[in-house]
Each structure stands twice: as C-alpha cells, then as structure tokens.
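*Asks:* compute the structure for the input listed below.
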Amino acid sequence: MNRKIKTLIVDDDSASTLLLKIHLERYGPCQTTDNGDLAIHAYRSGLDEGDPYDLVCLDINMPRISGHEVLCKLREADAESGIAPDRRGKVIMVTAMGDVQNITAAHRYGCDGFIIKPVTRDNLEKELRKVGLLPAAD
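*Replies:* Residues are numbered from 1 along each chain as shown. Okay, the predicted model is just below:
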C-alpha cells in the first residue's frame with residue numbers, strides 16, 4: 001500500500017488501544033489518547049496545521065466526555081475548517097456498545113463505520129475497506 005493512513009486512536013482501555021495500534025501502525029503513524037478532550041484538541045491541531053487525520057478510531061464509553069460528544073466536536077471542527085463531508089477524516093466507532101441506540105446515534109452524529117469489540121485484524125480491515133481507506137479486496 002502506498003498511501004499512509006494517519007490515525008488517532010481514542011479509547012480509555014489501554015488493552016484496546018494497544019491492539020488497535022498494533023493493527024493500524026502497518027498503515028501509517030498512530031497517535032493515541034485515553035481522553036476525549038485531548039482527542040478533540042489533536043484533531044483540530046491536525047486540521048489547523050494542514051496535516052489532518054485520515055482515521056479516528058473512537059470508543060463510545062469514556063469518562064468525562066463520551067465518544068458521541070467527541071464525534072460531534074470533530075464534525076464541528078471539520079465544518080469550521082470548510083472540509084467537505086466527502087473529504088473529512090473517517091471516524092470508526094470501536095466499542096463494546098453495539099446496541100441499536102448507540103449505532104443509530106453514532107451514524108446520526110457522523111461516524112463512517114462501526115466495529116464491535118473485540119477488534120480483529122479481519123474486521124478492522126473490512127471496515128477500512130468499507131470507508132475507503134483501503135482498496136477493495138481482490
């Protein structure tokens with residue numbers, strides 16, 4: 001694969017973060033945080049510096065600020081920066097909360113994909129293909 005995928009992993013569970021990082025580092029640089037506020041800051045900084053994230057893997061259930069709230073703030077940052085919806089970073093919710101309400105809310109707030117934990121390399125790569133970050137499988 002030629003194109004590098006710049007990724008931000010946001011999860012308060014260190015084991016989940018490490019697993020995602022192991023799977024995603026092969027595609028490009030990965031930054032991690034366990035804090036929604038820091039994730040919003042990092043995402044905005046990437047936009048401001050002209051080096052935006054291609055992918056954000058975002059947990060829903062986190063302390064202080066939920067993944068849904070973080071997602072809304074990321075999409076606000078895209079809009080404020082004039083990023084068209086088809087050019088913005090892809091957000092994949094990676095969560096144990098696979099109920100209909102959380103899935104529906106995540107899509108309503110602008111997520112591009114959804115993976116229910118535990119994450120496997122196969123289901124992650126399938127979702128990356130679905131959101132257009134990896135080429136279709138042969």
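*Asks:* C-alpha only now, for contacts and for neighbours.
*Replies:* Fine.
*Asks:* would you list the phi and psi of D78?
*Replies:* Backbone geometry at D78, expressed as degrees, to the nearest 10, gives phi -60, psi -50.
*Asks:* let's verify the residue most central in space within the chain: helix, strand, or coil?
*Replies:* Nearest residue to the geometric centre of the chain (CA atoms, centre = their mean): V56, 2.1 Å. Taken by DSSP: H, G, I helix; E, B strand; the rest coil, the conformation at V56 corresponds to strand.
*Asks:* surely it meets L8?
*Replies:* Yes. Applying CA atoms under 8 Å, one finds V56 in contact with L8, separated by 4.7 Å.
*Asks:* list the buried residues for stretch 32-42?
*Replies:* Residues T32, T33, D34, N35, G36, A39, I40, A42 are the ones in stretch 32-42 that count as buried (16 or more other CA atoms under 10 Å).
*Asks:* mind putting those residues in JSON lines, secondary structure included?
*Replies:* Formatted as JSON lines, the buried residues of stretch 32-42 follow (three-state DSSP):
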{"residue": "T32", "secondary structure": "strand"}
{"residue": "T33", "secondary structure": "strand"}
{"residue": "D34", "secondary structure": "coil"}
{"residue": "N35", "secondary structure": "coil"}
{"residue": "G36", "secondary structure": "helix"}
{"residue": "A39", "secondary structure": "helix"}
{"residue": "I40", "secondary structure": "helix"}
{"residue": "A42", "secondary structure": "helix"}
